[in-house]
Each structure stands twice: as structure tokens, then as C-alpha cells.
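Peer 1: Output the structure for:
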Amino acid sequence: TPEGDMRRAYFLAADEANVEYLRMGGSLEAEMARGRDVVAALFLTPYPPGFPLLVPGQVVSEEILAYLRALELREVHGYRPDLGLRVLKESVLEEAGR
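Peer 2: Predicted structure coming up:
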């Protein structure tokens, strides 16, 4: 579901072969635009305010991205500017029977 399956996602994401990185302002939006359900592989927590916007297994929504863009962020735990947002590979979700 869009709310996610934290337990299953957590264990899937523990295997590096099951994840990839998508950058905001680029590949993340492109994948969403083509209709892909992009699923977070870990917590995404902006500071401030310091509460998670995404949890493992949750589908990334346009509303979440809009909120992130609107914040004046000092840091975002779970997002690596050099790589992007850690997400589950589409093939892994298909195999898991999503």
C-alpha cells in the first residue's frame, strides 16, 4: 500500500543488491512520471523539523516531494546528495509480489 510494509522493506533493503539510488530533481521525478511506484528503502528525516517523512516500504508521493522542496533544509537523514534517495529496485518489488 502507499503507507508501506516496513518489516518486509527493511529486510529487502538489507541486501545492497535490492536497492538503488534516485536523485531528487532528476531520476526520482523521471521514474515517478513514467508511472513507477518508487518505494523508500529507509527512513527519510529532514532537520528541521526532525520527524520521518518516509519509512521503509512507503511509496514516495508527489506531495512528499513538494513538502521537501518547500522546506529550508539544513540536513536530510536518509538522503545522500552524492547518490540520492535509497529505494527498492522495481524488479525486487515485482519478485516480492507487490
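Peer 1: Report how many residues lie close to Glu16.
Peer 2: The tally of other residues near Glu16 (other CB atoms under 10 Å) stands at 8. In short, each C-beta sits where N, CA and C put it, glycine included.
Peer 1: and it, what pLDDT?
Peer 2: pLDDT for Glu16: 95.
Peer 1: Would you list the phi and psi of it?
Peer 2: phi -60, psi -30 (degrees, to the nearest 10).
Peer 1: again, but for Val39
Peer 2: Dihedral angles for Val39 - degrees, to the nearest 10 - are phi -110, psi 120.
Peer 1: Offset the numbering so it begins at 367, please.
Peer 2: Got it, first residue is 367 now, which makes that one Val405.
Peer 1: Surely it is in contact with Gly423?
Peer 2: Yes - with contact defined as CB atoms under 8 Å, Val405 and Gly423 form a contacting pair (6.3 Å).
Peer 1: quick one, what contacts the residue positioned nearest the centre of the chain?
Peer 2: By CA atoms, centre = their mean, the chain has its centre lying nearest to Ala406, at 2.9 Å. By CB atoms under 8 Å, 6 or more residues apart in numbering, Ala406 lies in contact with 370, 375, 420-426, 444, 451-454.
Peer 1: quick one: the host helix or strand of Glu460 to chain centroid distance?
Peer 2: In this structure, Glu460 sits in helix 456-461 according to DSSP states H and E. In terms of CA atoms, centre = their mean, to the nearest Å, the centre of helix 456-461 is set 15 Å apart from its chain centre.
Peer 1: One more: stretch 454-463?
Peer 2: Distance, centroid of stretch 454-463 to centroid of chain: 14 Å (CA atoms, centre = their mean).
Peer 1: returning to what we had before: what's the mean pLDDT across the helix holding Glu460?
Peer 2: Averaged across helix 456-461, pLDDT comes to 92.
Peer 1: tell me the contacts of Leu459?
Peer 2: Leu459 neighbours (CB under 8 Å, 6+ apart): 403, 405.
Peer 1: Report the separation between it and Asp448.
Peer 2: Counting by CB to CB, to the nearest Å, the gap from Leu459 to Asp448 is 25 Å.
Peer 1: returning to that earlier point: would you mark the buried spots in the helix holding Glu460?
Peer 2: 458-459 (16 or more other CB atoms under 10 Å).
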